[in-house]
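# Quick check, what structure comes out for this input:
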Amino acid sequence: MLKLNGTVFMPSVLTLIGIPGLEPVQFWIGIPFSAMYIIAVFGNSLLLVIIKAERSLHEPMYIFLAMLGATDIALSTCILPKMLGIFWFHLPQIYFDACLLQMWLIHSLQCIESGILLAMALDRYVAICDPLRHAVIFTHQFLTQIGVGVTLRAALFVSPCVILLKCWLKFYRTTVVLHSYCEHMAIVKLAADDVQINKIYGLFVAFSILGLDIIFITLSYIRIFITVFNLPQKEARFKAFNTCIAHICVFLEFYLLGFFSFFTHRFGFHIPPYIHILLSNLYLLVPPLLNPIVYGVKTKQIRNGVFKIFYSKNPS
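Okay, here's the model as predicted:
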């Protein structure tokens with residue numbers, strides 16, 4: 001790579017530092033992270049197997065859950081193998097283009113997950129507020145269109161971030177990334193060029209996808225709660241609300257962790273860097289770990305599917 005006036009022109013290789021300030025204990029941090037990854041992959045894979053095998057689960061709510069599980073597996077797999085390579089095997093180098101690919105995959109999958117959560121909220125909204133039209137609206141063709149739509153939306157919105165980094169930023173002050181994976185702002189901060197366009201577009205993507213999704217999910221649940229509380233029978237209210245509890249938990253864990261990570265990264269100037277990085281890592285690892293557990297605990301059909309796999313007969 002060519003060095004000019006203390007800057008690096010178009011670096012071919014970057015170095016991921018891992019967790020700045022915690023380098024001596026990164027080996028031990030990798031152990032719980034790897035355990036979280038194994039549990040997440042196993043739990044989400046089990047969900048996919050159960051939903052595919054049980055014909056009674058071929059309904060919109062569970063199909064969206066399968067989409068969420070597949071996205072969680074892909075998202076955690078995007079970061080953890082390379083992260084463990086840094087923590088355990090001292091392999092911090094990554095090709096610049098591979099780093100951009102990892103960044104594109106991570107942020108695209110985050111946007112896909114947000115879109116699926118929005119689709120799940122809309123599914124519950126129609127099922128509770130307009131149940132007679134639910135089967136008519138949420139057909140298998142419409143579910144396919146939603147899956148394709150949220151994927152294309154994520155890919156098209158995130159791609160300009162990669163293009164701007166590749167084509168706009170030419171000179172870099174350093175090639176050392178103070179992060180354990182290739183995150184957009186962590187790479188932008190390396191550049192010696194004007195980075196305002198990259199920062200503004202990153203904020204635009206965050207608001208236009210994650211921000212709008214949060215608004216529409218919140219509005220959907222406000223309408224759902226109003227409908228549920230107006231139901232005449234207490235048992236009907238409990239049953240309707242119970243179908244939403246798991247999704248509310250998943251919604252809160254995904255967005256609350258995202259908010260903590262976002263605000264500490266951009267405004268927590270006095271917070272130690274390792275806190276920023278740990279929160280970012282947990283934001284990508286905790287939801288894939290907890291989602292199958294939450295749905296397994298709260299959904300009887302999924303619990304029965306687990307018993308069918310691990311025991312000889314279905315529980316009474």
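# C-alpha from now on. contacts and neighbour counts both.
Fine.
# in this protein, which spans are helices?
26-53, 60-89, 96-129, 134-137, 140-167, 184-188, 196-205, 212-229, 234-267, 273-298, 300-310 (DSSP state H).
# wait, which of those is closest to Pro11?
Pro11 lies closest to helix 96-129 among the helices of the chain, at 6.8 Å (CA to CA).
# pull the helix or strand with minimum mean pLDDT from this structure.
Sorted by mean pLDDT, DSSP states H and E, the helices and strands of the chain end with strand 2-4, the least confident at a mean of 56.
# rewinding a little: now the helices of the chain as TSV including mean pLDDT and mean neighbour count?
Listed next are those as TSV, based on pLDDT from 0 to 100; neighbours: other CA atoms under 10 Å:
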stretch	mean pLDDT	mean neighbour count
helix 26-53	94	18
helix 60-89	94	20
helix 96-129	94	22
helix 134-137	92	13
helix 140-167	94	16
helix 184-188	89	19
helix 196-205	86	15
helix 212-229	91	17
helix 234-267	79	16
helix 273-298	89	20
helix 300-310	84	16
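# mind giving me TSV with those helices and columns for distance to Val8?
Shown next, in TSV, are those (distance: least, CA to CA, whole Å):
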stretch	distance to Val8
helix 26-53	28
helix 60-89	23
helix 96-129	13
helix 134-137	54
helix 140-167	14
helix 184-188	14
helix 196-205	19
helix 212-229	38
helix 234-267	25
helix 273-298	24
helix 300-310	53
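# do you know which of these lies nearest Val177?
Closest approach to Val177 among the helices of the chain (CA to CA): helix 184-188, 6.4 Å.
# what sits up against that closest one?
Applying CA atoms under 8 Å, 6 or more residues apart in numbering, the contact partners of helix 184-188 are 103, 161, 165, 177-179, 195, 198-199, 202.
# Next: stretch 78-85.
Stretch 78-85 has contacts (CA under 8 Å, 6+ apart) with 18, 30, 33-34, 37, 91-92, 102, 105-106, 180-181.
# if you set the cut-off to 7 Å instead, what comes out?
If you take CA atoms under 7 Å, 6 or more residues apart in numbering as the criterion, stretch 78-85 is touched by 30, 91, 102, 106, 180-181.
# likewise stretch 93-109?
11-16, 71, 75, 78, 154-155, 158-159, 162, 182-184.
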